[in-house]
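Engineer: Quick one: sequence plus predicted model below, questions after.
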Amino acid sequence: MNILTHTISFSDDPMSLLDIFKDEPHVFFLDSSLSDTCDGRFSYFGFAPFETIKAQNFGQLRKALKPYQGLKSPLSFPAGAVGYISYDGALWFGLYEGLLCVDHHKQTLTITSTGLPYRNLQRQKQAARQKIDYILYKLQNRREGLGRLKPLHQKLVIKSNTTLGQYVASVKRVLKHIHDGDIYQINLSHRLEAAIRNWRQYVHPAGVYQHLRRLSPSPLSAYLDDGQTVILSSSPERFLKLRDGVAQVRPMKGTRPRGKAPREDQRNRQELMDSAKEKAELLMVTDLERNDLGRVCGYGSVRVKAMRTIEEYTTVFQATSTVEGLLRKDCDQFDLLESTFPSGSVTGCPKIEAMKIIRRLEKAPRGLYTGALGYISFGGDMDFNVLIRTLFLEKDKIFFYVGSGIVADSNPQDEYEETLIKAEAMIKALKMSL
């Protein structure tokens, strides 16, 4: 399999790429909108996959990707599968023969193309050249325009499927499960929805995403259109990364709002640092994730690289740990996915029992929420976020979920307030767009 590349200088905001190509089929944008971090160096963009895959398990996905594995390139992600794993395990991926890679540090844009699915090398080269030429033409003849299409003559109303009283009652039931020894920690969520018939008449999804990424930038943001649902994610949390055989998970537990003034900001940060409740919650999830990696990583290779890092975002502080391990030679990336999915940070400890309780207490299936979105490179690497802080746009509705982690000393009212803090950027993005 050959790969053609073409690199140009690029100092623009990569959002301009989504503006230019937003109406192409199955557009994706893996967006490091918080690009001044070590995880925010690259953004990836692509469209028009040569094949789309729907699967119900990782074995089916492995089989579908097998013919395209083994691509050699200095780029971690020159071509491959981009898509999602829903919380209930359903998978959707597009196979992209090439893409656009923005290097924020070097300020370059590299266009890659393999010419797949053609098998003949000469035909591959011809198709790859045509694709690169098409992208260059579009870049040079850009027509920009995002935002509202026509005014929405109604008030934007966003409703939760769970009242404060209902959420508090559910948290109390969780606390009883914890007291009885059934679980140690759980993530409990509720769903918010804006019912807007024919919302595409009023705004393009890219316009909503533009506001969301400005309000809540993240190195793991994403935009993906699978043809039925448009996913707009400002997730700050990595689910799973595999690079050169090293697997990494970064569970996130513990949230505080940013302060309105420097003194309040520092006070909120210190409060998160000192919280015994938040420390215990992250410790439990970190231990769970370490065990998940241990099933497929070499003996003695799994280590907690960073136990508790306080990360700063536009609207919140978050506490995160980093766990790494060396993937065993007899395991592949699909074994790794199966061992770790879904993330313990959005389920609970122990994971299986927590998921059973979640099904009983939450009023709507999670669907894509708390699943994962990202890529599996034809070269073998992969990277996925956790689908939190994410808007889902379907035919006549726009919806999202927010949740909080419950442990033994959780206060039900405080946990509900935490979910509202997490909802702020998404609500603001919708209000600014519609």
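Structural biologist: Yep, it's here.
Engineer: For the stretch 301-434 of the chain, which segments are assigned as strands?
Structural biologist: Counting by DSSP state E, counting those that start in this stretch, the stretch 301-434 of the chain has strands at residues 303-312, 316-326, 348-349, 372-377, 382-386, 390-393, 397-406.
Engineer: typo on my end, it should be the stretch 1-150 of the chain
Structural biologist: Using DSSP E, counting those that start in this stretch, strands in the stretch 1-150 of the chain cover 4-9, 28-31, 42-46, 51-55, 80-85, 91-96, 98-103, 108-113.
Engineer: Can you work out which other helices and strands pack against the second one?
Structural biologist: Packed against strand 28-31 by the contact rule (3 or more CB pairs under 8 Å, 6 or more residues apart in numbering; DSSP states H and E) you find helix 15-21, strand 42-46, strand 221-225. Glycine gets a C-beta too; all of them are placed from N, C-alpha and C.
Engineer: Rounded mean pLDDT for the second one, please.
Structural biologist: What that stands for is strand 42-46. Mean pLDDT, computed over strand 42-46, is 96.
Engineer: how about it as CSV, C-alpha atoms only?
Structural biologist: What follows is strand 42-46, C-alpha atoms only, in CSV (Å, rounded to 0.1, in the frame of the first residue of the first chain):
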residue,chain,number,x,y,z
PHE,A,42,-2.3,17.4,15.9
SER,A,43,-5.8,17.8,14.5
TYR,A,44,-7.2,15.5,11.9
PHE,A,45,-9.8,16.1,9.3
GLY,A,46,-11.4,13.9,6.6
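Engineer: Can you list the strands that it pairs with?
Structural biologist: Strand 42-46 has its sheet partners listed here by DSSP bridges as strand 28-31 (antiparallel), strand 98-103 (antiparallel).
Engineer: Could you list the residues in contact with that strand?
Structural biologist: 14, 17-18, 21, 27-33, 35, 76-77, 82, 96, 98-104, 375 (CB atoms under 8 Å, 6 or more residues apart in numbering).
Engineer: Residue 386 touches residue 239, doesn't it?
Structural biologist: Yes: using CB atoms under 8 Å, residue 386 is in contact with residue 239, at 4.6 Å.
Engineer: where do the contact lists of these two overlap?
Structural biologist: With CB under 8 Å, 6+ apart as the test, residue 386 and residue 239 both reach 343, 372.
Engineer: and the lowest-mean-pLDDT helix or strand in the chain, what does it pack onto?
Structural biologist: Among the helical and strand segments of the chain, the one scoring lowest on mean pLDDT, DSSP states H and E is strand 252-257, with a mean of 90. Contact analysis of strand 252-257 by 3+ CB pairs under 8 Å, 6+ apart lists helix 262-274, helix 276-294, strand 316-326, strand 397-406, helix 412-433 as its packing neighbours.
Engineer: Next, the angle strand 316-326 makes with it.
Structural biologist: Counting by axes from the mean of the first three to the mean of the last three CA atoms, to 10 degrees, strand 252-257 lies at 160 degrees to strand 316-326.
Engineer: Can I get strand 252-257 in CSV? Just the C-alpha atoms.
Structural biologist: Extracted as CSV, the C-alpha positions of strand 252-257 are listed here (Å, rounded to 0.1, in the frame of the first residue of the first chain):
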residue,chain,number,x,y,z
MET,A,252,-11.1,11.9,34.9
LYS,A,253,-12.8,12.3,38.3
GLY,A,254,-13.4,15.5,40.2
THR,A,255,-14.8,18.8,38.9
ARG,A,256,-15.0,22.4,40.1
PRO,A,257,-16.2,25.5,38.2
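Engineer: Quick check: closest non-adjacent residue to residue 346.
Structural biologist: residue 370 (3.9 Å; CB to CB, 6 or more residues apart in numbering).
Engineer: mind checking how far residue 363 is from residue 167?
Structural biologist: Residue 363 sits at a distance of 10 Å from residue 167 (criterion: CB to CB, to the nearest Å).
Engineer: Find the centremost residue of this structure, please.
Structural biologist: residue 385 (3.4 Å; CA atoms, centre = their mean).
Engineer: Am I right that that residue is in contact with residue 237?
Structural biologist: Yes: using CB under 8 Å, residue 385 is in contact with residue 237, at 6.3 Å.
Engineer: Which neighbours do those two have in common?
Structural biologist: With CB under 8 Å, 6+ apart as the test, residue 385 and residue 237 both reach residue 220.
Engineer: Quick check: bridge partners of residue 255?
Structural biologist: residue 318.
Engineer: That one reaches residue 315, doesn't it?
Structural biologist: No: taking contacts as CB under 8 Å, residue 255 lies outside contact range of residue 315: 9.7 Å.
Engineer: Of these two, which one has the most company?
Structural biologist: residue 255 (21 against 16; other CB atoms under 10 Å).
Engineer: I'd like the distance from stretch 372-386 to the chain centre, please.
Structural biologist: 10 Å (CA atoms, centre = their mean, to the nearest Å).
Engineer: mind exporting that stretch as CSV, just the C-alpha atoms?
Structural biologist: Only the C-alpha atoms of stretch 372-386 are listed here, as CSV (Å, rounded to 0.1, in the frame of the first residue of the first chain):
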residue,chain,number,x,y,z
ALA,A,372,-15.9,6.6,22.7
LEU,A,373,-15.0,8.5,19.5
GLY,A,374,-11.7,8.4,17.7
TYR,A,375,-9.5,6.6,15.2
ILE,A,376,-7.8,3.3,14.5
SER,A,377,-4.9,4.0,12.1
PHE,A,378,-4.1,1.5,9.3
GLY,A,379,-0.6,1.7,10.9
GLY,A,380,-1.8,0.2,14.2
ASP,A,381,-2.1,3.2,16.5
MET,A,382,-5.4,4.5,17.9
ASP,A,383,-6.8,7.3,20.1
PHE,A,384,-10.3,7.7,21.5
ASN,A,385,-12.0,10.2,23.8
VAL,A,386,-14.8,9.6,26.2
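Engineer: per-residue confidence averaged over that stretch?
Structural biologist: 97.
Engineer: now do stretch 18-30
Structural biologist: 95.
Engineer: Identify the residues contacting that stretch?
Structural biologist: In contact with stretch 18-30 (CB under 8 Å, 6+ apart) are residues 14, 17, 43-49, 52, 82, 94, 96, 138-139, 142-146, 204-206, 209, 221-227, 374-375, 383.
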